[in-house]
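Asker: Sharing a model prediction with you, sequence too.
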Amino acid sequence: MRTNTVRRVCLSVAAAAALTSVAACSGSDSGKSDNHGSGVVKADPIAALRAVQKKTGGESSAKVEGTTQMGTTMSMEQSGTIDWTDGLTGSMEITYTGGSMADAMKQTGGTGTMQARYFKDGYVVNMGDGFAKQTGGKHWISYRYADLAKIAGASGEAMKQQMQNTTPDQGVKSLLASGDVKKVGKEDVRGVSATHYSGTVDVAALTAKNSELDADQVEQLKKQLSDAGITTETVDIWVDDNDLLVKKTERGQMKTGELNSTVYYSDYGTKVSVEQPPASDTVDFAELLKQQQGAGSGAS
């Protein structure tokens, strides 16, 4: 009974860790400026953002680093490299620094830090030695997007699509859809001169009409925000002189509290190499779920 409950917690933490960390890569921060400047401000931010979307969207990979707070559920730090040439691949180190998920990790013997590796058809998460003691020595859980979509229904399908379409230019698309974009000015981001843009996305007001996105893109954006319980979201981006995104922040109210996330992007074009862990050290999520369900029915 105790072991079954612990495993279930581990599964939910692992799934959320992998999904939210990469989602945060296409998300955000507190909205605080690094260093306000009075640089030259171009007249048309929409035209500039189109150029940013094209240039950043045309890249294939980058290093990412950031922090995310999602209400009382969690606060975390993440860093790694991602490639979005053909679906999402890459690796991330995720550390829970607070919230209910950090508490759950401690209760299951975890350190609060986990490794996640992403592949075109799914991802794997190293849950640590505490988890391995409950799974015959296996440290990794393997998740296939198809299984998540099958098990979780519409929400699982949404997760699958989000994971497979996570790119840095998603924040730029949000600003283009908002209809409320302003150019703040030139600022310094970790030693790089960058132009700061800001806008507010109102979910109810999002429409394809007068938007820089097509109807399908607008509906996808609305659904992602609505599913998280967000009605309005403030998006800020910082762009270098090569029209590449170097920082992005998002703030909003979720069902579980405040969303406050910051992500930095660097080393565009970096080589991303990721390997599947040994099968002997991996347990399949769908199989583990079946074992839990069997144990649960037997324990009644």
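Answerer: Arrived safely, thanks for sending.
Asker: all contacts plus neighbour counts: C-alpha atoms, from now on.
Answerer: Will do.
Asker: Mind listing the residues bridging to G66?
Answerer: Q78, V263 (DSSP bridges).
Asker: So it is in contact with N260, correct?
Answerer: No - with contact defined as C-alpha atoms under 8 Å, G66 does not reach N260; the gap is 10.9 Å.
Asker: just the strands in the stretch 201-300 of the chain please.
Answerer: 232-240, 245-254, 257-266, 282-284 (DSSP state E, counting those that start in this stretch).
Asker: Nearest to D214 among those would be which one?
Answerer: Ranking these by proximity to D214 (C-alpha to C-alpha) places strand 232-240 first, at 19.5 Å.
Asker: so how far is that closest one from its chain's centroid?
Answerer: 15 Å (C-alpha atoms, centre = their mean, to the nearest Å).
Asker: Ok, stretch 224-238 next?
Answerer: Chain-centre distance of stretch 224-238: 13 Å, with C-alpha atoms, centre = their mean.
Asker: pLDDT averaged over it - what is it?
Answerer: Computed over stretch 224-238, the mean pLDDT rounds to 79.
Asker: Grab the CA positions of that stretch and hand them over as PDB.
Answerer: C-alpha atoms of stretch 224-238 as PDB (Å, rounded to 0.1, in the frame of the first residue of the first chain):
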ATOM      1  CA  GLN A 224      -3.100  25.900 -24.100                       C
ATOM      2  CA  LEU A 225      -3.800  29.000 -21.900                       C
ATOM      3  CA  SER A 226      -7.400  28.000 -21.100                       C
ATOM      4  CA  ASP A 227      -6.400  24.500 -20.000                       C
ATOM      5  CA  ALA A 228      -4.000  26.000 -17.500                       C
ATOM      6  CA  GLY A 229      -6.700  28.300 -16.200                       C
ATOM      7  CA  ILE A 230      -5.000  31.500 -17.500                       C
ATOM      8  CA  THR A 231      -7.200  34.300 -18.700                       C
ATOM      9  CA  THR A 232      -4.500  36.900 -19.300                       C
ATOM     10  CA  GLU A 233      -0.800  36.500 -19.700                       C
ATOM     11  CA  THR A 234       2.000  39.100 -19.900                       C
ATOM     12  CA  VAL A 235       4.800  38.100 -22.200                       C
ATOM     13  CA  ASP A 236       8.100  39.900 -22.500                       C
ATOM     14  CA  ILE A 237      10.900  39.000 -24.900                       C
ATOM     15  CA  TRP A 238      14.400  40.300 -25.400                       C
END
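Asker: What are the contacting residues of it?
Answerer: The contact list for stretch 224-238 (C-alpha atoms under 8 Å, 6 or more residues apart in numbering) reads 28, 31, 158, 171-172, 174-175, 189, 194-204, 245-255.
Asker: Can you give me the buried ones in that stretch?
Answerer: By neighbour count on 16 or more other C-alpha atoms under 10 Å, the buried set for stretch 224-238 is Q224, L225, S226, I230, T231, T232, E233, T234, V235, D236, I237, W238.
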